[in-house]
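**Q** got a structure for you, letters missing:
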């Protein structure tokens, strides 16, 4: 499976200014106390929507991780990698795994709630 949205039910932060370096569709970010992912790819300075909640979405899991994420486990945003992890320490809660992700998997299917961090 690839990274992508699997639900038509979502909430967004609209009119977000893209930071220097631009943004990539489905790339995770943190704005204040809210975690979200970009709705589309845009250049720095452009305006974009950031999805903050979605029933089902497949997002990038931390690269090189030796951890597996069990079905139903909490998932966290790790700012250092810009990806999801099952490790709570110093990371921000943003959902639950809807399907188990093995140690070598690069994505995880989640019920995403980036507002839970606030």
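**A** Noted; the coordinates are in hand. This structure is a prediction, so every number in the text was calculated from the model and none was measured. Numbers count the residues shown, from 1 in each chain.
**Q** so which residue is smack in the middle of this protein?
**A** The centroid of the chain falls nearest to residue 28 when counting by CA atoms, centre = their mean (4.5 Å).
**Q** wait, that residue touches residue 37, no?
**A** Yes - under the criterion of CB atoms under 8 Å, residue 28 makes contact with residue 37 at 5.1 Å. To be clear about C-beta, it is placed using only N, CA and C from the backbone, and glycine gets the same treatment.
**Q** which residues are in contact with residue 43?
**A** 18, 22 (CB atoms under 8 Å, 6 or more residues apart in numbering).
**Q** quick one: common contacting residues for residue 28 and residue 37?
**A** Here residue 28 and residue 37 have residue 59 as joint contacts, going by CB under 8 Å, 6+ apart.
**Q** parallel or antiparallel, which strands does the strand or helix carrying residue 15 pair with?
**A** Using DSSP states H and E, residue 15 falls within strand 10-17. Next to strand 10-17 in the sheet, as set by DSSP bridges, lie strand 47-60 (antiparallel).
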